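Q: have a look; sequence and predicted model below, questions after that.
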Amino acid sequence: MAQVTLSDVARTAGVSLATTSRVLNGSSRVPGKAISQRVMQAAEKLGYVPNASAQALARSSSGLLGVVIQDLEDPYFSAVAAGFQEAAGGQGQLVLMAQTSRDADLTIVALGGLNAQRVDGVLMVGSLDLSAEQRAVFSDQLARVEARGGQVVTVGQSYGIGRTVYPADRDGGRAIGQAAIAGGYQRFALLDDVTRAPSAVDRAAGFAAAIEESGGRIEYHVPAPVTAAGGRVAGDALVRHLEEHPGGPMCFFAMTDAVAVAAMGRALHAGIRVPDELGVVGFDGIAAGRDIAPSLTTFDLPLRDIGRRAFELVHHPEDADLPETWEVHEDTITIPGRLWQGGSTSPPPT
């Protein structure tokens, strides 16, 4: 017989994992009496056995904060992490950081390690295509942080615990598609993220919608992971496609700046003229995109500021100072971006 988990009790009681953990693990942040009774009744009905170690840890504090990111080499993640670290350092807080290489199992190990260190708050950056079982484990680990009185902030994906910060992925994808059309492109290519990360799915959907609304279509879906290595694979594939299917300039939406920079490098090395034969668009607004030639057209996000504000939400959520342009709805925060016109795509006519 499978062991009864916190997730099972939460589902039966009809409350969140965080609430269930606070009731059963003895946190000082206990909900109302009626809810507590409902949780206790559900636990008794299912035969849930509380973990004595978890109960002891529920009331402890370490003074440490945890950050979990997917790829340190990707400037998107490192910029957000740097903003968080800078803000934490200014408050004398020590940060434990884990890179998980976009691997769900490694992320679970990282969260378990942070809980073993009794971190007082966690920032998770990035989205993953998870099974229901993996999502339940993620949520269970994050609920343990909240049960100790800590705060959880996730960027790009919600696990039902804490607050979630969403970049405007779908709107940004749509803005990129509209800009490509305005720039005169009639042929379009799109990175098809083989890992199916939710943020990439949303960006692709926005881009495709803009193209379809204009009467166009995506000519070429390039299968590759959303990594710099995937960008090199995509760049080589685009070169082959253009050689085999001539017929006018094509605009490629690379899904992230890291992918775009790598793909554009491979295309330029092969003699493809950017933006005349191939336009390349990223998403994120990393600093390196401004420094290359041609500079990268992208959907610009305030990456370091996301990290700094995430620290405020983790460290002192009641006094967090969020920009007025950030849309707050209950535990969800949506961050707008803006299209930045670089030299990697043809600009719209003036």
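A: That came in fine, so what should we check first?
Q: drop to CA atoms for contacts and neighbour counts, all remaining ones
A: OK.
Q: how about Leu130, what does it touch?
A: Ala104 (CA atoms under 8 Å, 6 or more residues apart in numbering).
Q: which of the three states applies to it?
A: coil (DSSP: H, G, I helix; E, B strand; the rest coil).
Q: and it, what's its pLDDT?
A: With respect to pLDDT, Leu130 scores 90.
Q: quick one, helices of this structure?
A: 6-13, 17-24, 33-46, 52-58, 75-90, 104-116, 132-147, 169-182, 198-213, 228-244, 257-269, 288-291, 303-315 (DSSP state H).
Q: now these in JSON lines, with distance to Met97?
A: Formatted as JSON lines, the helices of the chain follow (distance: least, CA to CA, whole Å):
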{"stretch": "helix 6-13", "distance to Met97": "26"}
{"stretch": "helix 17-24", "distance to Met97": "23"}
{"stretch": "helix 33-46", "distance to Met97": "33"}
{"stretch": "helix 52-58", "distance to Met97": "21"}
{"stretch": "helix 75-90", "distance to Met97": "9"}
{"stretch": "helix 104-116", "distance to Met97": "9"}
{"stretch": "helix 132-147", "distance to Met97": "15"}
{"stretch": "helix 169-182", "distance to Met97": "25"}
{"stretch": "helix 198-213", "distance to Met97": "22"}
{"stretch": "helix 228-244", "distance to Met97": "21"}
{"stretch": "helix 257-269", "distance to Met97": "21"}
{"stretch": "helix 288-291", "distance to Met97": "23"}
{"stretch": "helix 303-315", "distance to Met97": "13"}
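Q: out of those helices, which comes closest to Ala189?
A: Ala189 sits nearest to helix 228-244 of all the helices of the chain, at 8.4 Å, using CA to CA.
Q: can I get the CA coordinates of that closest one in CSV?
A: Provided in CSV are the C-alpha atoms of helix 228-244 (Å, rounded to 0.1, in the frame of the first residue of the first chain):
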residue,chain,number,x,y,z
ALA,A,228,22.7,27.8,-26.4
ALA,A,229,23.6,24.3,-27.7
GLY,A,230,20.1,24.1,-29.1
GLY,A,231,20.6,27.5,-30.7
ARG,A,232,23.6,26.1,-32.6
VAL,A,233,21.6,23.1,-33.8
ALA,A,234,18.8,25.5,-34.9
GLY,A,235,21.2,27.8,-36.7
ASP,A,236,22.6,24.9,-38.7
ALA,A,237,19.1,23.7,-39.5
LEU,A,238,18.0,27.1,-40.7
VAL,A,239,21.0,27.4,-43.0
ARG,A,240,20.2,24.1,-44.6
HIS,A,241,16.5,25.1,-44.9
LEU,A,242,17.3,28.4,-46.6
GLU,A,243,19.7,26.7,-49.0
GLU,A,244,17.1,24.0,-49.9
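Q: pick out the residue nearest the middle of this structure.
A: Centroid-nearest residue in the chain, with CA atoms, centre = their mean: Gly126, separated by 2.6 Å.
Q: Val153 is in contact with that one, correct?
A: No: Gly126 is not in contact with Val153 according to CA atoms under 8 Å; the separation is 11.3 Å.
Q: Ser127 versus Val194, what's the distance?
A: Computed as CA to CA, to the nearest Å, the Val194 to Ser127 distance reads 13 Å.
Q: more crowded one of those two?
A: The residue with more neighbours, out of Val194 and Ser127, is Ser127; 20 against 13, by other CA atoms under 10 Å.
Q: pull out the buried residues from stretch 95-110.
A: 95-100, 102, 104, 107-108, 110 (16 or more other CA atoms under 10 Å).
Q: quick check: end-to-end length of it?
A: OK, stretch 95-110 end separation, CA to CA: 14 Å.
Q: can you pull the contacts of Ala180?
A: 251, 345-346.
Q: now the buried residues of stretch 95-110 as JSON lines including pLDDT?
A: Listed next are those as JSON lines, based on pLDDT from 0 to 100:
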{"residue": "Val95", "pLDDT": "96"}
{"residue": "Leu96", "pLDDT": "96"}
{"residue": "Met97", "pLDDT": "96"}
{"residue": "Ala98", "pLDDT": "96"}
{"residue": "Gln99", "pLDDT": "95"}
{"residue": "Thr100", "pLDDT": "94"}
{"residue": "Arg102", "pLDDT": "91"}
{"residue": "Ala104", "pLDDT": "92"}
{"residue": "Thr107", "pLDDT": "94"}
{"residue": "Ile108", "pLDDT": "93"}
{"residue": "Ala110", "pLDDT": "95"}
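Q: closest one of those to Arg174?
A: Arg102 (25.4 Å).
Q: isn't the closest one up against Leu72?
A: No: at 10.6 Å, Arg102 does not count as touching Leu72 under the criterion of CA under 8 Å.
Q: so, low pLDDT: which residues of the stretch 51-200 of the chain?
A: 51-61 (pLDDT under 70).
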